[in-house]
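Enquirer: Provide a 3D model corresponding to the input given below.
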Amino acid sequence: MTDETVDETLREMAQHRGLKLVKSRRRKPGVGDFGKFGLTDASGNALLGISDSGLTADASDIENYLRTGAISTWRQSADTTPDRAPPKHPQPDEVRAKDPPVSRRNQLPARTQPQEPHRVRPRTAKKTAPTVARRADDQSNWTAKPAKIPKNSQPHPQPQPQPQPQPILLLRPAETGDAAAIAQLLAQLSGITTDQDSIDRNVEALRYAAGEMLVAEKGALVGCCAWTVVPTVHRGPVGRVSVLIVDGAHRRQGIGTQLLQAAEEALEKVGCSLVEAMSDIDIKHAHNFFRARKFQQASYRFVRRIDD
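Expert: Predicted coordinates:
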């Protein structure tokens, strides 16, 4: 049996004997009198398992005490109740002696008397008293039991609407029809103005330089990443991530991390052992994004237009 079932059984046994079960209020095992019980009478006087340091009786002690007390009460009642005398049956001679003599007058039918008509009383509705329950600790107090509500009368819960499935993230090479969406993404960078024709031409130039541009699609175009290979004298081929942008409403979802990982894998296949990234200075947390992925700031990048 569970602890709640044991507690309820002991409580009912105590109430049947006019006693009160006391249970420890400790809720943490091993602390104080956790799991212990005690018994008091109806006036609150301690009977079993109650001391100055707390409760000391186990559930088995309480049960043995109550069962032993019930057996003792039954035996005492059996010893004090006198045995019932066997019924006395009259003898045949006694029956004949008591029977009155039969005469012809007794055999004649009695003169019938006119009887009053039988009147039927109307039935009245019986008043039913509410069911009450008596408390074991105070038999003078009576409380009415609350009416039970049938289970079938409870309203059925309304079905919850099913959540709409989220679109799956797809990384793929940029296509000619993506130029308009890419232009909207690049517009979130500082100082960038471009058009669809320029984007298509620059993507083709990247591919001639062993580079590529991936786009992230999740129902719509939500990010892009472009890289190229830069031959250098002192470091050999260097992979350069020239742009990595994720739409502001879809950031912090792992999209930028997957785009950067795809770029690093592609650059490693073409012989690059070093990858550098160009981080926009005006986008919040852009530098921390690369630092979190073990990029280190190795140099400054200075930019000037040639026609200035």
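
Enquirer: In contact with the residue lying closest to Asp178 once chain neighbours are set aside: list those residues for me.
Expert: The spatially closest residue to Asp178, leaving aside those adjacent along the chain, is Val215, at 5.6 Å (C-beta to C-beta, 6 or more residues apart in numbering). In this view, the C-beta of every residue, glycine as well, is placed from N, C-alpha and C. Taking C-beta atoms under 8 Å, 6 or more residues apart in numbering as the criterion, Val215 is in contact with 171-174, 178, 181-182, 221, 223-224.

Enquirer: now with 6 Å?
Expert: Contacts for Val215 were tallied using C-beta atoms under 6 Å, 6 or more residues apart in numbering; they are 174, 178, 221, 224.

Enquirer: part of a helix, is it?
Expert: No - counting by DSSP: H, G, I helix; E, B strand; the rest coil, Val215 is not part of a helix but strand.

Enquirer: Show me the beta-bridge partners of it.
Expert: Beta-bridge partners of Val215, counted by DSSP bridges, are Arg172, Cys224.

Enquirer: Would you check which pair of the contacts of Val215 lies furthest apart?
Expert: Greatest spacing in the contacts of Val215, by C-beta to C-beta: Ala174 and Leu221 (9.2 Å).

Enquirer: ok, the two, which is more surrounded?
Expert: The residue with more neighbours, out of Ala174 and Leu221, is Ala174; 22 against 17, by other C-beta atoms under 10 Å.

Enquirer: Pick out whichever of the contacts of Val215 sits closest to Leu206.
Expert: Among those, and counting by C-beta to C-beta, the member closest to Leu206 is Ala174, at 9.2 Å.

Enquirer: all helices of the stretch 201-308 of the chain, in order?
Expert: 255-269, 286-292 (DSSP state H, counting those that start in this stretch).

Enquirer: for the stretch 101-250 of the chain, what are the low-confidence residue spans?
Expert: 101-155 (pLDDT under 70).

Enquirer: now the strands for it?
Expert: Per DSSP state E, counting those that start in this stretch, the stretch 101-250 of the chain carries strands over the ranges 132-134, 142-144, 170-173, 212-217, 221-232, 236-246.

Enquirer: quick one: buried residues of the longest one?
Expert: Counting neighbours by 16 or more other C-beta atoms under 10 Å, one finds that the buried residues in strand 221-232 are 221-230.

Enquirer: Then the fourth one?
Expert: Residues 212-217 are the ones in strand 212-217 that count as buried (16+ other C-beta under 10 Å).

Enquirer: again with stretch 15-33
Expert: 17, 19-24, 33.

Enquirer: Now, the residues you listed that are in strands?
Expert: Of the buried residues of stretch 15-33, the ones assigned to strands by DSSP state E are 20-23.

Enquirer: Burial check on Phe295, number of neighbours?
Expert: For Phe295, the neighbour count with other C-beta under 10 Å is 16.

Enquirer: So Tyr300 versus Ser279, what's the distance?
Expert: With distances taken as C-beta to C-beta, to the nearest Å, Tyr300 is found 12 Å from Ser279.

Enquirer: on that earlier part again, can you redo the contacts of Val215 as CSV with distance to Thr2?
Expert: Below are the contacts of Val215 laid out as CSV (distance: C-beta to C-beta, whole Å):
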residue, distance to Thr2
Ala174, 64
Asp178, 63
Leu221, 58
Cys224, 60
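
Enquirer: Among those residues, find me the one that's closest to Ile50.
Expert: Distances from Ile50 to the contacts of Val215, taken by C-beta to C-beta, are shortest for Leu221, at 75.7 Å.

Enquirer: Could you check how far the nearest residue to that closest one once chain neighbours are set aside is from Val246?
Expert: With sequence-adjacent residues excluded and distances taken as C-beta to C-beta, 6+ apart, Leu221 is closest to Ala181, at 3.7 Å. Using C-beta to C-beta, Ala181 is found at 13 Å from Val246.

Enquirer: before we move on, what about Asp195?
Expert: Asp195 is 22 Å from Val246, by C-beta to C-beta.

Enquirer: Next: Gln160.
Expert: Counting by C-beta to C-beta, the gap from Gln160 to Val246 is 32 Å.

Enquirer: So which of these two has more stuff around it?
Expert: Higher neighbour count among Gln160 and Val246: Val246, with 23 against 6, using other C-beta under 10 Å.

Enquirer: hang on, isn't the more buried one packed against Gly254?
Expert: No - Val246 is not in contact with Gly254 according to C-beta atoms under 6 Å; the separation is 9.7 Å.

Enquirer: list the buried ones in the helix or strand hosting Gln15?
Expert: Using DSSP states H and E, Gln15 sits in helix 3-16. Buried residues in helix 3-16, counted by 16+ other C-beta under 10 Å: 9-11, 13-14.
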